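# this one's structure only:
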């Protein structure tokens, strides 16, 4: 994910507004990921509540979320144009 994110920033470097917004979106995604994981595993004492599988389950969910985000960033990167950003080709 980080390589794709850095490549997107490099491709957008001519547009500081776009770079700023991409960075803001990534920070928001990281906050969302962390909040989502906290919601999935809300108990204070994780080991007592979820047992020995907690770490593996947490990592599996985090990895899947990261794969999805990487796909989103890759689509933006592949469809980036100097004039329009990711544009309508985002999906």
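Looks like it came in fine. Predicted, not measured: the structure shown is a model, and the values here were computed from it. Numbering: from 1, shown residues only.

# Now do the SS call for the spatially most central residue of the chain.
Geometric centre of the chain, nearest residue: residue 69, 4.1 Å, by C-alpha atoms, centre = their mean. Three-state assignment for residue 69 (DSSP: H, G, I helix; E, B strand; the rest coil): helix.

# where does the protein have low pLDDT?
The chain contains residues with pLDDT under 70 at 88-91.

# If we use 90, what do you get?
81-91 (pLDDT under 90).

# so where do the helices sit in it?
Applying DSSP state H to the chain gives helices spanning 2-11, 16-40, 46-50, 54-78.

# I'd like these as a markdown table, with distance to residue 86 appended.
No exception for glycine: its C-beta is placed from N, CA and C like everyone else's. As requested, the helices of the chain are arranged in a markdown table below (distance: least, C-beta to C-beta, whole Å):
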| stretch | distance to residue 86 |
| --- | --- |
| helix 2-11 | 9 |
| helix 16-40 | 9 |
| helix 46-50 | 37 |
| helix 54-78 | 4 |
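
# which stretch among those comes nearest residue 84?
helix 16-40 (9.9 Å; C-beta to C-beta).

# For residue 72, see how far away residue 44 is.
Separation of residue 44 from residue 72 (C-beta to C-beta, to the nearest Å): 32 Å.

# next one: residue 81
Residue 81 is 17 Å from residue 72, by C-beta to C-beta.

# Which one of the two is surrounded by more residues?
The residue with more neighbours, out of residue 81 and residue 72, is residue 72; 15 against 10, by other C-beta atoms under 10 Å.

# re the thing from before, and residue 85, which of the helices of the chain is closest to it?
Between residue 85 and those, the shortest gap by C-beta to C-beta is with helix 16-40, which sits at 5.6 Å.
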